[in-house]
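**Q** Below are the sequence and a predicted model; questions follow.
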Amino acid sequence: MKMNPGIPLLKVENLHKAFGKTKACHDISFELWPGEVLGIVGESGSGKSTLLRLIAGLLEPDKGTISYQQNSKLITLTDLDEPALRHLQRTEWGFVHQHPSDGLRMNVSAGANIGERLMANNWRHYGNIREKAQHWLKAVEIDPARIDDLPRTFSGGMQQRLQIARNLVTNPNLVFLDEPTGGLDVSVQAKLLDLLRGLVSNLGLSAIMVTHDLAVARLLSTRLIVMKQGEIIEHGLTDQVLEDPQAAYSQLLVSSVLQV
Amino acid sequence: MSEYNFAYLNEQTKKMIRRALLKAVAIPGYQVPFASREMPMPYGWGTGGVQVTASILTPDDILKVIDQGADDTTNAVSIRKFFKKTAAIETTELSEQATIIQTRHRVPETPLREDQILVYQVPIPEPLRFLEPRETETRKMHAYEDYGLMHVKLYEDISQHGHISTTYAYPVMVEGRYVMDPSPTPKFDNPKINNCPALQLFGAGREKRIYALPPYTKVTSLDFEDHPFEVQKWQASCELCGTSGTFLDEVITDDKGGRIFVCSDTDFCRKQQSEKFEEAG
């Protein structure tokens, strides 16, 4: 899809969300530019997952606006009706959940999981859908011979890669990643990160990734947002934030990374 | 007779169901919620169909009830008896004679006419149920025509069995708008549902839903370009009447592997047999 590099892909302005008395997101503003990977880090309960769900249209904000670049123009997502938003979600966006079982259909085969978005976009040729599914299995390093197997026969890492394939099959412009390496062991994490990095640079994806793992953030993201108690406390280039953290909490976060 | 209100249900209930029916006819394929009543028979025995039939019945109607195409099975016999007792109407086993036909699985082989109504007993009205259990979500999918999931099921059929193995409750698209489950009818009957001169009403008692197809509604069976919709075919023809091209039941005749194929539509089969008998003189 043609994109206007002169305006942001996503623009978040003064976003608020509270759950009762708990302020989950307070006055959040930032921009995401085409081709960028933005990392959101912070401790548990800092509001980073809520922020991701707000932007992805899975939650409704109390206040504030979210704009998204479509056909070289910024459209306001918060004004969009539900069918239009759902269409956006299944064509131009992807959402990779922390737990593969939240993002996959566990009772249909890997091929059907990848094909679902295509069929939702009116693909009606079985052979073509299958070909595309095989292509994407290969792209995420799953043996295409397992196309008819159920996701529950896959390992945790494979399930996560399948979830990524299922999201990327429609060539989305924007992918939301919620702790994509969450439940995986370190060697599998490394492999998945490698794969993600390759996909992001080859496809020119823009992404917003929530993680509490600074190593993951460093490897994948170009810019970093640090959140604490629902507010952005630091915002900058990844290397800059990690090498020279300004806010006290960021300093604590960076210094608390275990060194081996 | 006087112990019951006409056709068992009270007049307010019938009025409520008729309202749901009118809405269903106005929006072909859309599932209209209705306040389903307890009926003097268990769920799964056709409580939805019985309520629809009770609401549209007039004293002059002639009722036929079939279960798996047969007029003489328990379900069919008891529902016929129920309406004979509570509405004192005439019943029949002849498809041509009936003004209302209540059915569990089959569309009669005899073509239906404009002055007839076909009432289906539906167990699960929601075609998306087995892939998406959340009713809140499936309702949105219907509202937004978000039907990709239906093809996921057909895709899964082909990938596991090499062909679309769904043989009954085969999903259809109504007038290019709503995806509908034609109840547990075999897919053999899907072409008969399309462009049918008779009014078709669907009642699901336990699920409290009514939907409808007005006469001559366009109903297409979902499929893939490279795996088009097909109906079942049999090598054999009916052992009793000799007709081929009807929906056949396999019947075991002994414990030595003996089996025959016979028409599932008993009325149609009987008619063919008597025609053959007359020809033979």
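**A** In hand now; what should we look at?
**Q** number of nearby residues for B:Pro133?
**A** 10 (other C-beta atoms under 10 Å in any protein chain shown). Bear in mind the C-beta positions are built from the backbone N, C-alpha and C, glycine included.
**Q** can you check the one 5 residues further on too?
**A** Other residues near B:Thr138 number 20, with proximity taken as other C-beta under 10 Å.
**Q** Kindly report the same for the one 4 residues further on.
**A** The burial count assigned to B:His142 is 19, neighbours taken as other C-beta under 10 Å.
**Q** got it, and the one 4 residues further on?
**A** By other C-beta under 10 Å, the residues close to B:Asp146 number 18.
**Q** Surely it is in contact with A:Asn122?
**A** No. Applying C-beta atoms under 8 Å as the test, B:Asp146 and A:Asn122 come out as separate, 11.3 Å apart.
**Q** Return the per-residue confidence for the residue of the stretch 51-200 of chain A found nearest chain B.
**A** As assessed by C-beta to the nearest C-beta, chain B sits closest to A:Ala120 within the stretch 51-200 of chain A, at 2.7 Å. Model confidence at A:Ala120, given as pLDDT, is 92.
**Q** backbone phi and psi for it, please?
**A** phi -70, psi -20 (degrees, to the nearest 10).
**Q** Now do the same contact list for it.
**A** A:Arg90, B:Asp146, B:Tyr147, B:Gly148, B:Leu149 (C-beta atoms under 8 Å, 6 or more residues apart in numbering or on different chains).
**Q** Please identify which pair of those lies farthest apart.
**A** Across those, no pair lies farther apart than A:Arg90 and B:Tyr147, at 12.0 Å, counting by C-beta to C-beta.
**Q** Pipe the contacts of A:Ala120 into JSON lines and attach pLDDT per row.
**A** Converted to JSON lines, the contacts of A:Ala120 look like this (pLDDT from 0 to 100):
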{"residue": "A:Arg90", "pLDDT": "90"}
{"residue": "B:Asp146", "pLDDT": "90"}
{"residue": "B:Tyr147", "pLDDT": "92"}
{"residue": "B:Gly148", "pLDDT": "90"}
{"residue": "B:Leu149", "pLDDT": "91"}
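**Q** beta partners of the residue sitting nearest the centre point of chain B?
**A** Central residue of chain B (C-alpha atoms, centre = their mean): B:Tyr120, 3.9 Å from the mean position. Note on B:Tyr120: beta-bridge partners by DSSP bridges are B:Thr103, B:Phe202.
**Q** Hmm, it is touching B:Ala198, no?
**A** No. The criterion here is C-beta under 8 Å, and B:Tyr120 misses it with B:Ala198 at 11.7 Å.
**Q** Enumerate every residue touching the spatially closest residue to A:Gly103 that is not a sequence neighbour.
**A** In space, A:Gly103 comes closest to A:His97 once its chain neighbours are excluded; the distance is 3.9 Å by C-beta to C-beta, 6 or more residues apart in numbering or on different chains. Counting by C-beta under 8 Å, 6+ apart, A:His97 makes contact with A:Gly103, A:Gln163, A:Asp178.
**Q** who's in contact with the last one?
**A** Okay, so that is A:Asp178. A:Asp178 neighbours (C-beta under 8 Å, 6+ apart): A:Ser49, A:Leu52, A:Phe95, A:Val96, A:His97, A:Gln98, A:Val210.
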